[in-house]
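J.: sequence and predicted structure are below.
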Amino acid sequence: MPGSKAALNIIIILVFVGLVGVILPSEYRIERSIEVDAAPGDIYPMLVDLRKWQQWSSWGQRDAAAIYSYDGPDRAIGMRVQWQSEVLGIGSIEISALQFNRKLTYSMQNVTHGIEATGEIRLEAFDNKTRVIWSSHGDVGLNIIDRYKLLTFDDKLGRDLDVGLENIKVLAENNFTAS
């Protein structure tokens, strides 16, 4: 009965994988930062205007054919960008809280990839520079496959945050924020 032994081994492996998946964390928090030779007032305008995110975020640079639409109050709580893209899927970002020249909080949803997250970009002034700190956190719930995906999520999303922060640095240090 070699076939039944193989089937039993597969069942045992699947049960084990499922049990491990249940105990894996469902929540994540990823944070990255960079020092920028610019004042918070030079950086904040490109954060609070969601139309400018395409200039610096890695997501905005991945698909030139993506379709974006904007609604809500301009550069204020409730401003929202929605996108449709073959690469990025269908999603939105909405500003949920602001502290002038200090912090932007947003909610992000990607319907295609089943992602809901809260993000925050903080600006901390020091020695004529600004530390820009970008964080994202969320919860994948009971989905065991997504819990396994979280094992590499810090590297994947972390790279996206790093690229965005590097782009913010280049733009702010070269005075491209006014455009």
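T.: Thanks, I have it.
J.: shaky segments in the protein?
T.: 1-2, 20-21, 176-179 (pLDDT under 70).
J.: all helices of it, in order?
T.: Taking DSSP state H as the criterion, the chain carries its helices at 2-23, 40-48, 53-56, 58-62, 144-149, 153-173.
J.: please name every helix or strand in contact with the third one.
T.: For helix 53-56, the contact count by 3 or more Cβ pairs under 8 Å, 6 or more residues apart in numbering; DSSP states H and E identifies helix 40-48, helix 58-62, helix 153-173 as packing neighbours. The C-beta positions use only the backbone N, C-alpha and C, and glycine is treated the same way.
J.: against which helices or strands is the last one packed?
T.: If you count contacts as 3+ Cβ pairs under 8 Å, 6+ apart, helix 153-173 packs onto strand 27-36, helix 40-48, helix 53-56, helix 58-62, strand 129-139.
J.: with just CA atoms, put the longest one into PDB.
T.: Just to be clear, that refers to strand 129-139. Written as PDB, here are the backbone C-alpha positions of strand 129-139 (Å, rounded to 0.1, in the frame of the first residue of the first chain):
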ATOM      1  CA  LYS A 129      17.700  68.500   8.100                       C
ATOM      2  CA  THR A 130      14.600  66.300   8.200                       C
ATOM      3  CA  ARG A 131      14.300  62.700   9.100                       C
ATOM      4  CA  VAL A 132      11.500  61.200   7.000                       C
ATOM      5  CA  ILE A 133      10.000  58.100   8.600                       C
ATOM      6  CA  TRP A 134       7.600  56.000   6.600                       C
ATOM      7  CA  SER A 135       5.600  53.200   8.200                       C
ATOM      8  CA  SER A 136       2.900  50.800   7.200                       C
ATOM      9  CA  HIS A 137       0.900  48.400   9.300                       C
ATOM     10  CA  GLY A 138      -2.000  46.000   8.700                       C
ATOM     11  CA  ASP A 139      -3.600  42.700   9.500                       C
END
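J.: what residues sit buried inside stretch 36-49?
T.: Neighbour counts over stretch 36-49 (16 or more other Cβ atoms under 10 Å) mark 36, 38, 40, 42-44, 46-49 as buried.
J.: right, and the helices and strands packed on helix 153-173 - which one's nearest Ile13?
T.: strand 27-36 (25.9 Å; Cβ to Cβ).
J.: any idea what the closest residue to Arg29 other than its chain neighbours is bridged to?
T.: Of all residues not flanking Arg29 in the chain, His137 sits nearest, at 4.1 Å (Cβ to Cβ, 6 or more residues apart in numbering). Beta-bridge pairing for His137 (DSSP bridges): Arg29, Thr118.
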